[in-house]
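Engineer: Next comes the sequence, and after it the predicted model I'd like to discuss.
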Amino acid sequence: MKIREIMRPAVISIDESTCLGEAYTTMHRSEIRHLPVTRSGVVVGMLSERDLLAARAIADRGAWWNVTAAHAMHTPVRTATPDDTVDSVVERMAREKLGAMPVVDGDRLVGIVTVIDVLQCSVAAVPVSTARDAMTPFPITIDPEASLLDAVSLMIDHKIRHLPVVDRAGKIVGMLSEREVRTAIGDPLRYRELPASLPRHTVGQVMAIASPQVAFDRPLGELAVRFAEDRLDAVSVVDRFNALIGIVSYVDVLRVLAA
């Protein structure tokens, strides 16, 4: 299958001179997390929700609103072509942890393909396996009463973007993602360096309370559908006693598809 068969042709894009205030409004209204960035009609980058949060963290108060897309982008653009195979794009997304790729024909932007698109079209190709086969076992967890500083340190030191939140009885009560962290306190590295005397958040004040869970024996194809339909980044995996035994992200599903 070719990318032209699954890409979204009516792609929303912005010029590199567009301010982040306008970019944020466009993302919010269109319910998207990625915007291809162009210069004279040629794709030069991709602005992500993560870039917006990072820009807000380092700018003075409301100044981030006027920062241009050109100054906010952090990673080199990765593009696909209409004739690329879905399998090759899945492998690239899994390897580079990409959420979306602009689709170009020569220099012309002709579409965008997202993780949701490739998961939706690849469900039939998902191997006969379960959530347990794709999960990261024994994930690092955090208590809801723990300081956000401790959680941030764990995420930075272990290079992870999601922390299941588990109470003292072992019950899953939420999920803390990098998105919630950046929304609450901005840049995690700068937050960790702030004076200890400043007021601090707890994990429970910042985490997402709605924490999706799946049973360890749920088919991976079913999980791929759920990631696509519910726009999930990661879910907790539980055993038959509802105890946490792992975590699965969309990247884990892509890796199974790319294998």
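Structural biologist: Happy to help now that I have it.

Engineer: For the spatially closest residue to Cys121 that is not a sequence neighbour, grab the count of nearby residues.
Structural biologist: With CB to CB, 6 or more residues apart in numbering as the criterion, Cys121 has its nearest non-adjacent residue at 4.7 Å, and that residue is Ile6. Yep, even glycine has a C-beta here, placed from its N, CA and C like the rest. Per other CB atoms under 10 Å, the neighbour tally for Ile6 reads 19.

Engineer: list the contacts for Ile6?
Structural biologist: Taking CB atoms under 8 Å, 6 or more residues apart in numbering as the criterion, Ile6 is in contact with Val86, Val113, Asp117, Val118, Gln120, Cys121.

Engineer: Tell me the pLDDT of Ser177.
Structural biologist: Predicted confidence (pLDDT) for Ser177: 89.

Engineer: Okay, now the unreliable bits of the stretch 101-250 of the chain?
Structural biologist: Residue ranges of the stretch 101-250 of the chain with pLDDT under 70: 123-127, 195-199.

Engineer: just the helices in it please.
Structural biologist: Per DSSP state H, counting those that start in this stretch, the stretch 101-250 of the chain carries helices over the ranges 115-122, 131-134, 148-158, 178-185, 188-192, 203-206, 220-230, 250-258.

Engineer: Can you name every helix or strand that the fourth one contacts?
Structural biologist: What that stands for is helix 178-185. helix 49-58, helix 148-158, helix 188-192, helix 203-206 (3 or more CB pairs under 8 Å, 6 or more residues apart in numbering; DSSP states H and E).

Engineer: which of the residues in it are buried?
Structural biologist: Residues of helix 178-185 classed as buried: Glu178, Arg179, Glu180, Val181, Arg182, Ile185 (neighbour count, 16 or more other CB atoms under 10 Å).
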